[in-house]
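1. take a look and give me a structure for this.
(chains A and B)
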There are 2 protein chains.
Amino acid sequence: MKPKRRRSPCPIACTLDLVGDRWTLLVVRDLVLGKTHYNEFLASPERIATNILADRLEQLVAEGFVTTAPSNQRAGALAYSLTERGEALRPLLESIRDWGLAHVPGTEARLQPG
Amino acid sequence: MKPKRRRSPCPIACTLDLVGDRWTLLVVRDLVLGKTHYNEFLASPERIATNILADRLEQLVAEGFVTTAPSNQRAGALAYSLTERGEALRPLLESIRDWGLAHVPGTEARLQPG
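-> Residues are numbered from 1 along each chain as shown, chains lettered A, B, ... in the order given. From the prediction side, this is the model:
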């Protein structure tokens, strides 16, 4: 998901190095929607594979987008939540959503227009 | 780059299916910056590989983001430009740029703040 060296000082390239793949921002979307548990992310309609989900959560934590705490819903489970750095991705998600709503027929937003 | 079937009706998932990888939006960035020729995209600081560039340009044309015309600068070459659908990605690029500028130290924008 992430190369060790940055490709350039371009902020677009650097951001894509962190979240520019088909899955990472869908996990962030789920967190913005209030999901907190591994099983909730797995249940999303895109049917992310368990190994991809585990990898993306690990990277999101490693890069400071997400933090974990012991779940108070499920013994032994973790609850994931966005850090301030992760919450700051919301406008970016909204821009992606808005392009999709305008240009991909049949799409329906779950992340409500801000 | 693009699966044949959509993963869900989510506009974020559908947009990521089209442009959610590490390279596609850098080519769109170059087009927004006024680059039009294959050699200009190759010369960007991220040093995209020729096979990746050729693939992404082909996909961008196939998906209606980019159109081609005979170059009037180089005989036998093509000039690439954004369609209306491609131009509509500009706010999305700006959101990505803004997150990077705010959260990745040392980044410098070439796409000017809108």
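
2. please identify the helix or strand for the residue nearest the centre of chain A.
-> The centroid of chain A falls nearest to A:V28 when counting by Cα atoms, centre = their mean (2.0 Å). With secondary structure defined by DSSP states H and E, A:V28 is part of helix A:24-32.

3. quickly check: the helix or strand following that helix near chain B or not.
-> Sequence-wise, the next helix or strand downstream of helix A:24-32 (DSSP H and E) is helix A:38-42. No - counting by Cβ under 8 Å from any Cβ of the partner chain, chain B has no neighbours in helix A:38-42; the shortest distance is 13.3 Å. (Glycine included, C-beta is placed from N, CA and C.)

4. show me what helix A:38-42 is packed up against.
-> If contacts are counted by 3 or more Cβ pairs under 8 Å, 6 or more residues apart in numbering or on different chains; DSSP states H and E, helix A:38-42 sits against helix A:24-32, helix A:50-62.

5. closest one to A:A77 among those helices?
-> Closest of these to A:A77 is helix A:50-62, at 12.4 Å (criterion: Cβ to Cβ).

6. the helix or strand following that closest one pairs with which strands, parallel or anti?
-> Next along the chain after helix A:50-62, taking DSSP H and E as the criterion, comes strand A:66-70. Here strand A:66-70 is paired, per DSSP bridges, with strand A:78-82 (antiparallel).

7. what does the partner strand contact?
-> With Cβ atoms under 8 Å, 6 or more residues apart in numbering or on different chains as the contact definition, strand A:78-82 has outside contacts at A:28, A:31-32, A:36-38, A:57, A:61, A:65-73, A:89.

8. and stretch A:16-25, by the same measure?
-> With contact meaning Cβ under 8 Å, 6+ apart, stretch A:16-25 is reached by A:1-3, A:6-7, A:28, A:48, A:52-53, A:56, A:59-60, A:63, A:65, A:89, A:92-93, A:96, B:12, B:16-17, B:20-23, B:25-26, B:96, B:104.

9. what's the helix or strand for A:L93?
-> Using DSSP H and E, A:L93 falls in helix A:90-103.

10. that helix and chain B, any residue contact?
-> Yes - Helix A:90-103 comes into contact with chain B (Cβ under 8 Å from any Cβ), by way of A:91-103.

11. low-confidence ranges in chain A?
-> A:1-4, A:112-114 (pLDDT under 70).

12. now do the most far-flung residue of it relative to its centre against A:L33, distance only.
-> Relative to the centre of chain A, and counting by Cα atoms, centre = their mean, the farthest-placed residue is A:A75 at 24.1 Å. Counting by Cβ to Cβ, to the nearest Å, the gap from A:A75 to A:L33 is 24 Å.

13. so A:D30 makes contact with A:E40?
-> Yes - the criterion here is Cβ atoms under 8 Å, and A:D30 meets it with A:E40 at 6.9 Å.

14. for the two, indicate the residue with more neighbours.
-> Between A:D30 and A:E40, A:D30 has the larger neighbour count (other Cβ atoms under 10 Å in any protein chain shown), namely 23 against 14.
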